[in-house]
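Engineer: This is a predicted model, with the sequence first.
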Amino acid sequence: MFDLVPFGKRRDDAFGMLAKSLNEVFSDDFFAPMKSSTLSFRTDVRESEQAYLIEAELPGFKKEEIDIDYANPYLTIKAVRKEENTEENTQHQLVRRERRYGEYVRRFYVQDISEEGIRASLKDGLLTLEVPKHKQTQGKRIEIQDGNTSGGELQ
């Protein structure tokens, strides 16, 4: 951002040098050591009164490559890709070999859900999870009695 100078001219004044050094500081990936090595994927989360609906984009994954776990209060979706392509010529010499490995993980903090009712389906690279909520019990209104009633007096 600070490197942009109109008409391709660059001024070597004190302000320009300060701006350049600030740009270098802020363009460094300061949080790189704290990032995990896992990749993420796009999700949409909807909420209704009865359930959460989670849609995760996982194109190219088979259902055997996807794990869904619930350990209270976290719902984890993990997809692992291990792909290896090898091409050989007619003399069975290795011409090209490509490998691609990746672990895609998303964790969701969900409370008061019905663990037994979680359903998942995978169609055309879209993983759909329906996570039902616990039924909330309706409170009971307790009526206040007059102090003059003789029934149920404490002595």
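Structural biologist: Happy to help now that I have it. Quick caveat, the model's predicted, so the values are computed rather than measured.

Engineer: Quick check: beta-bridge partners of residue 106?
Structural biologist: residue 77 (DSSP bridges).

Engineer: ok, it to residue 61 distance?
Structural biologist: Shown here: residue 106 relative to residue 61, a distance of 13 Å by C-beta to C-beta, to the nearest Å. Glycine gets a C-beta too; all of them are placed from N, C-alpha and C.

Engineer: How about residue 78?
Structural biologist: Distance, residue 78 to residue 61, using C-beta to C-beta: 11 Å.

Engineer: Who has more neighbours out of these two?
Structural biologist: Comparing residue 78 with residue 61 by other C-beta atoms under 10 Å, the one with more neighbours is residue 61, at 18 against 15.

Engineer: which residues of the protein fall in helices?
Structural biologist: Shown for the chain, the helices assigned by DSSP state H span residues 14-27.

Engineer: center of it, which residue is that?
Structural biologist: residue 106 (3.4 Å; C-alpha atoms, centre = their mean).

Engineer: residue contacts, that residue?
Structural biologist: By C-beta atoms under 8 Å, 6 or more residues apart in numbering, the contact set of residue 106 is 40, 41, 43, 56, 76, 77.

Engineer: Residue 79 now?
Structural biologist: Applying C-beta under 8 Å, 6+ apart, we find residue 79 in contact with 41, 58, 61, 65, 66, 67, 103, 104, 105.
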